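*Asks:* got a predicted structure here, sequence first:
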Amino acid sequence: MTDVPEIDAFTRPYWDAAGEGRLLIRRCRASGCGAPHHYPREFCPRCWSEDVHWEQASGLATLYTWSVVHLNDLPPFGDRVPYVAAVVDLAEGPRMMTEITDCGEGDLWVGMPLRVRFRPAGEGTPAVPVFRPAV
């Protein structure tokens, strides 16, 4: 058993897009709101409207904070330690929990420009968005 995202009818567009190398966020269409959000929800966390839709994100972000994980016994994470768990600010506004790849922990800095990439899907698992330095 592995700890992987569960795909349901609501999140399927998100995971299908990730498999195509596209990052989706949700945006509120309520009058006077327009707030973007991530993780995907069926309502706007700002105004509670259910008038939200999928929108393709640019894939650009900046590093807000991070932590280096040295021990994690949950599959599949134990095979990846150490790894960098992070929170990034997407260019569209929402914050997103993710992983930073292709960068040594000593080279990270708050405000670092990042670009999304997708960890390839394994058998029975979806592609997962992770981030790497944009330069």
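*Replies:* Arrived safely, thanks for sending.
*Asks:* distance of residue 78 from residue 132?
*Replies:* 22 Å (C-beta to C-beta, to the nearest Å). In this view, the C-beta of every residue, glycine as well, is placed from N, C-alpha and C.
*Asks:* out of the two, which sits in the busier spot?
*Replies:* Neighbours were counted for residue 78 and for residue 132 using other C-beta atoms under 10 Å; residue 132 has more, 14 against 10.
*Asks:* tell me the bridge partners for that one.
*Replies:* residue 115 (DSSP bridges).
*Asks:* let's number from 51 now, not from 1
*Replies:* OK, 51 is where the count begins now, so the last one is residue 182.
*Asks:* how far away is it from residue 162?
*Replies:* With distances taken as C-beta to C-beta, residue 182 is found 10 Å from residue 162.
*Asks:* likewise for residue 65?
*Replies:* 27 Å.
*Asks:* now do the strands in this structure.
*Replies:* With strands called from DSSP state E, the chain shows them at 74-78, 86-87, 102-106, 110-119, 133-140, 145-150, 163-169, 178-183.
*Asks:* deepest in the core, which of those strands is it.
*Replies:* Ranked by mean neighbour count, the strands of the chain are led by strand 74-78 with a mean of 21 (mean count of other C-beta atoms under 10 Å).
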